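> what's the 3D shape of this:
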Amino acid sequence: MHACELAIRAQLRIPDNRTVEQWILDQRIRPPGSARGTQMDLSLTPWLREPCEAVADNHNREVVIVAPTGAGKTTVLDASLLRATREDPGSILLAMQTDEDADAYYDERLEPMLQSLDGIGDMIRALPRGKRRKGELVLPHMTCFVVGAKMSAFQRKSVRYVLLDEVWQIKHGLVAEARGRHHDRWNARVVLTSQGGWQHVDTDNGRVKTELFEAWERTDRREWQFVCPECGAAQPWKWSGLKWADEKRADGSIDDTAITQSTHYQCAKCETKFHDDIAARRMLANSGRYEATNPQPLTVPGKHVGFHCNALTLYYVAWSTLVLEWKKASELTAAGDKSALQVFVQKRLAEFWRDEEDEPGVVLGGAGYRFADYANGEAWEGEVHRFLTIDRQRDHRWAACRAWKSDGSSRLLWFGKILTTEGCRELQQRMKVADWATFQDAQYETGEVYDECARYGWTSLHGSGDSGFTHNPPGKKPVRKIYSTLKQAQAPGGGRARYVFFANEGGKDILAKHRGGHSATWEIPDDAGVDYHTHINSEIKKDVIQKVTKQIIRRWCRIGSRPNHGWDCEVMQIVAALIKGVIAAPVAEEPKPEILTPPP
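Residues are numbered from 1 along each chain as shown. Model (predicted):
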């Protein structure tokens, strides 16, 4: 049959009244590499039925699907594209994370499925070579673009369907650009599929909602629910409904066996327990349905509908597997590293991660004393050391004085701004801090800092991007610490200045544990003030892409333009406490504390 005749038949086709699920079964579509079966069958993933129907409904303008990894989100794109090509044609733009992803999807998955469609396969095989370019399939009745998500791939295209995959990874601004490619067609459709992403993102114009989160908020936000077979109550899958025996082994590690054997889900109404076996999980999944949770979605010029489910929905994922992942993420969070928890929330619960930048800072309560109680260097009962740390600026300094006990607990005795070097010296002497125990940041105006340290016997500190420094204790194996051995340098004005390098990231990690209550008692006064609370909540740890290697690493980053001098002073307090052995550095073997003495 000639390609033009095939195209005319496709355009004049009588509307198909079958459900998308039935249409898929009748077409006998076989997705290459499918994990669920050799033939596409929505009964195997019941939470995808309604999203597929919503994409096929011309009353809907935008469909947003937020689901966990392994939920089959790509199946929605497959079904939508295939059905549109044959039953409701219009040019299609399908964008994936990268060009490589797009090429692989087209070659390995999409074209084999299109080739199997009645009529469409003949149409493709009849195309001349020039109509089957990479990422662009030009059919007589429509064009299908499969591209990586980038501005150049979206420009100069006019399509009816815009399909975007894993939107959480698409650069901010590109969703709006892709959305505009439908040029306000009355029957346009935008489909966004993704795991959970972030609520907000930093742009040149400030901190704004991510395009995915903003799109989700505009929908009716349908939540996947199951129906309890005992009481008939429909209820959303909630993490709080999952129960297990929270046990540990004698060595303090997680007891995997106890958790695996005890994990079950409990009905929120009648408290019926469903054991963690595939039969129970499959039964509950088959009872599922979506319920809208937003009564005021955007409906002009067409409906905006949204679908959300989490990994508890996926009957082929054992609940105990999720519990163990959660437990490990929780342990890392308690140690100050939220990266594993973030991954769990985004990939398993398919929820939007809220950065600490979007939340109130760590709320620190006073310990029942005031700065005035130590205004003249009064002793804190049981203290073994006190340090003064100074963060130098162009025309002023910020300083903190903290006392430490031998068990690693500490108390802030003074914090504030000082205008001159002489003011720092007066504060040091009034607070009864030893010369060697006064530390000043030497990254800025290093020569002047060295002069001051040589004059008063203070110690200079240099923050470093290194992860640690090698120490060679006598008669022992070399060890790595977050601070270097004590070094000396010639000060520009004469004399010798002592200095120490320290690993910025390591020091901040340890401070975060103290600040968050995951280490020894770390006290601040009742009248610490707004300045201190702002400074101590001025940095967060987040993913950063390295410029050279392009690897994603976790680093401490300043929040906007918040002043972070108090944070830096407290980091230097941590370094001083490590040097004196008041708190332990995270190393395999720790030599005796070094003793700082004035240079001869």
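
> show me where the stretch 101-250 of the chain has its helices.
The residue ranges that make up the helices of the stretch 101-250 of the chain, judged by DSSP state H, counting those that start in this stretch, are 111-116, 120-125, 151-154, 174-179, 211-218.

> could those helices be laid out in a markdown table, adding mean pLDDT and distance to S339?
For every residue, glycine as well, the C-beta is placed using N, CA and C. Rendered in a markdown table, the data for those read as follows (pLDDT from 0 to 100; distance: least, Cβ to Cβ, whole Å):
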| stretch | mean pLDDT | distance to S339 |
| --- | --- | --- |
| helix 111-116 | 91 | 37 |
| helix 120-125 | 88 | 45 |
| helix 151-154 | 93 | 30 |
| helix 174-179 | 95 | 25 |
| helix 211-218 | 96 | 20 |
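
> ok now stretch 283-291, how far from the chain's centre?
Offset of stretch 283-291 from its chain centre (Cα atoms, centre = their mean, to the nearest Å): 29 Å.

> for the helix or strand where T333 lies, enumerate the helices and strands it packs against.
Assigned by DSSP states H and E, T333 belongs to helix 319-334. Helices and strands touching helix 319-334, by 3 or more Cβ pairs under 8 Å, 6 or more residues apart in numbering; DSSP states H and E, are strand 242-243, helix 256-262, helix 339-343.

> what do you get if the cut-off is 10 Å, keeping everything else the same?
Other helices and strands packing on helix 319-334, by 3 or more Cβ pairs under 10 Å, 6 or more residues apart in numbering; DSSP states H and E, are strand 242-243, helix 256-262, strand 264-266, helix 339-343.

> in the third one, what counts as buried?
The neighbour-count criterion (16 or more other Cβ atoms under 10 Å) identifies H264, Y265 as the buried residues of strand 264-266.

> what mean pLDDT does the helix holding T333 get?
Confidence over helix 319-334 (mean pLDDT, whole number) is 90.

> please export the C-alpha coordinates of it as PDB.
Extracted C-alpha coordinates of helix 319-334, given in PDB (Å, rounded to 0.1, in the frame of the first residue of the first chain):
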ATOM      1  CA  TRP A 319       8.600  -3.800  51.900                       C
ATOM      2  CA  SER A 320      11.500  -5.000  54.000                       C
ATOM      3  CA  THR A 321      13.900  -3.900  51.200                       C
ATOM      4  CA  LEU A 322      12.500  -0.400  51.600                       C
ATOM      5  CA  VAL A 323      12.800  -0.500  55.400                       C
ATOM      6  CA  LEU A 324      16.400  -1.500  55.300                       C
ATOM      7  CA  GLU A 325      17.200   1.300  52.800                       C
ATOM      8  CA  TRP A 326      15.300   3.700  55.100                       C
ATOM      9  CA  LYS A 327      17.200   2.500  58.200                       C
ATOM     10  CA  LYS A 328      20.600   3.000  56.600                       C
ATOM     11  CA  ALA A 329      19.700   6.400  55.300                       C
ATOM     12  CA  SER A 330      18.500   7.400  58.800                       C
ATOM     13  CA  GLU A 331      21.800   6.300  60.300                       C
ATOM     14  CA  LEU A 332      23.700   8.500  57.800                       C
ATOM     15  CA  THR A 333      21.300  11.400  58.500                       C
ATOM     16  CA  ALA A 334      22.000  11.100  62.200                       C
END
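
> ok, the closest residue to A318 other than its chain neighbours - contacts?
Once flanking residues are discounted, A318 sits nearest to D276: 6.0 Å by Cβ to Cβ, 6 or more residues apart in numbering. Contacts were defined as Cβ atoms under 10 Å, 6 or more residues apart in numbering; by that measure D276 touches 242, 244, 259-265, 318-323.

> can you check the pLDDT for D276?
In this prediction D276 is given a pLDDT of 96.

> how close does it get to M283?
Note on D276: its distance to M283, by Cβ to Cβ, to the nearest Å, is 13 Å.

> now swap in Y444 and tell me
If you go by Cβ to Cβ, the gap between Y444 and M283 works out to 65 Å.

> of the two, who's got more company?
Per other Cβ atoms under 10 Å, whichever of Y444 and M283 has more neighbours is M283, with 14 against 11.
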